[in-house]
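Participant: Build me a model:
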Amino acid sequence: MQIEVSESVARPPAQVFAAASDFAHAASRISGILRVEMLTEGPVGVGTRFRETRKMFGKEASEVMTVAEFEPPRRYVLTAESHGCRYRSEIRVEPDGAGSRLVMVYRSRAPEHVRQGDELHDEADD
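Facilitator: Got it, this is the predicted structure:
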């Protein structure tokens with residue numbers, strides 16, 4: 001599955017990137033995030049890890065996110081894995097007139113046995 005969304009922001013790209021990659025303070029900017037626990041110390045870069053807790057469908061859900069790519073002030077990629085599903089979020093900041101365009105591309109991949117669910121179900125019925 002892939003989802004792509006973008007938004008114009010009336011700020012320069014470096015400022016937008018700095019805010020978007022300030023994971024420690026994400027809960028103060030993004031309403032769905034309840035809290036973030038940084039799991040690595042030091043400046044954000046490739047290998048930075050944090051636990052993000054969100055409220056989804058009325059329940060709390062936590063995932064450990066890892067910075068897989070980090071190219072300030074242009075883009076970064078976060079990855080996570082949970083219950084066999086793999087997640088990848090790419091955040092890009094592109095110049096857009098006097099401001100910026102913030103683009104998020106989210107991809108998820110279910111485990112092989114889930115993607116082949118119909119085949120497994122058919123075999124179980126035999």
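Participant: Quick check: residue 96 touching residue 8?
Facilitator: Yes. Residue 96 is within contact range of residue 8, at 5.8 Å (criterion: CB atoms under 8 Å). Using the backbone N, CA and C atoms, a C-beta is placed for each residue, glycine as well.
Participant: Those two - which one has more neighbours?
Facilitator: residue 96 (16 against 11; other CB atoms under 10 Å).
Participant: dump the residue contacts of the residue most central in space within the chain.
Facilitator: Centroid check for the chain by CA atoms, centre = their mean gives residue 89 as the closest residue, at 3.9 Å. If you count contacts by CB atoms under 8 Å, 6 or more residues apart in numbering, residue 89 has them with 77-79, 104-107.
Participant: can you do 6 Å?
Facilitator: 78, 106 (CB atoms under 6 Å, 6 or more residues apart in numbering).
Participant: quick one: buried residues of the one helix or strand residue 100 maps to?
Facilitator: Assigned by DSSP states H and E, residue 100 belongs to strand 99-109. Under the neighbour-count criterion of 16 or more other CB atoms under 10 Å, strand 99-109 has 100-102, 105 buried.
Participant: Run the angle between whatever helix or strand the residue nearest to the centre of the chain lives in and strand 99-109 for me.
Facilitator: According to DSSP H and E, residue 89 maps onto strand 85-96. When axes from the mean of the first three to the mean of the last three CA atoms, to 10 degrees is applied, the directions of strand 85-96 and strand 99-109 differ by 160 degrees.
Participant: where's strand 85-96 relative to the chain centroid, distance-wise?
Facilitator: With CA atoms, centre = their mean, to the nearest Å as the basis, strand 85-96 stands 7 Å off its chain's centre.
Participant: Also stretch 72-83?
Facilitator: Distance, stretch centre to chain centre, for stretch 72-83: 5 Å (CA atoms, centre = their mean).
Participant: returning to that earlier point: distance to residue 35 and pLDDT for the buried residues of strand 99-109 - can I get that in TSV?
Facilitator: Output for the buried residues of strand 99-109, formatted as TSV (distance: CB to CB, whole Å; pLDDT from 0 to 100):
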residue	distance to residue 35	pLDDT
100	27	98
101	29	98
102	23	98
105	25	98
